[in-house]
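Undergrad: Please find the sequence and the predicted model below.
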Amino acid sequence: MNTVVLPWPPKELSPNARLHHMALHRVKKAYRTACWLQARKAGMSAATLLGAEEAEVHLVFYPPDKRNRDADNMLASMKAGLDGLADALKVDDSIFRVTFDVSDDIGGMVKVSVVPLTKGAA
């Protein structure tokens with residue numbers, strides 16, 4: 001299993017945020033690049049998946065504070081981050097089987113575990 005700690009997604013990536021499309025594009029691009037860089041620093045590359053056709057990607061959200069958050073919005077906010085992870089692994093993110101948990105601990109980060117799967121497993 002390979003793990004990486006990604007930064008908490010910017011609030012502008014929430015589906016509830018209302019940004020001009022160009023401002024949103026800049027935030028998405030910056031977050032995608034930051035997540036790609038963190039994954040590469042953690043040693044993730046095409047070799048990480050060992051040629052697997054699918055991968056289990058498990059996210060553990062550590063919110064930056066104790067405010068209540070909508071779990072599906074947290075997952076949606078990670079779209080650009082998962083794209084950055086896919087870029088680092090040199091795969092299409094359609095091979096990801098994403099699961100997630102929300103921690104009670106404060107941290108302002110997302111811990112990501114990647115496990116290669118054999119086709120049809122999960």
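TA: Sure thing, it's come through.
Undergrad: Now do stretch 75-89: distance to the chain's middle.
TA: 4 Å (CA atoms, centre = their mean, to the nearest Å).
Undergrad: Residues contacting stretch 32-49, please?
TA: Contact with stretch 32-49 is made by 2-7, 55, 80-85, 87-91, 112, 114, 116, as judged by CB atoms under 8 Å, 6 or more residues apart in numbering. All C-beta atoms are positioned from the backbone trio N, CA, C, and that covers glycine.
Undergrad: Filter the residues you listed down to just the ones in strands.
TA: Cross-referencing these against strands under DSSP state E gives Asn2, Thr3, Val4, Val5, Leu6, Pro7, Ala55, Val112, Val114, Pro116.
Undergrad: Check the residues you listed and tell me the two furthest apart.
TA: The span of those, defined through CB to CB, is set by Pro7 and Pro116 at 24.6 Å.
Undergrad: Could you tell me which of the contacts of stretch 32-49 count as buried?
TA: Buried members of the contacts of stretch 32-49, counted by 16 or more other CB atoms under 10 Å: 2, 4, 6, 55, 80-85, 87-89, 91, 112, 114, 116.
Undergrad: quick one: buried residues of the host helix or strand of Arg26?
TA: Per DSSP states H and E, Arg26 falls inside helix 21-41. For helix 21-41, burial by neighbour count (16+ other CB under 10 Å) applies to Val27, Lys28, Tyr31, Arg32, Ala34, Cys35, Trp36, Gln38, Ala39.
Undergrad: Count residues in the vicinity of the nearest residue to Ala17 once chain neighbours are set aside, would you?
TA: Closest residue in space to Ala17, ignoring its immediate chain neighbours: Lys11 at 6.3 Å, by CB to CB, 6 or more residues apart in numbering. Neighbour count for Lys11, taken as other CB atoms under 10 Å: 11.
Undergrad: Lovely, talk soon.
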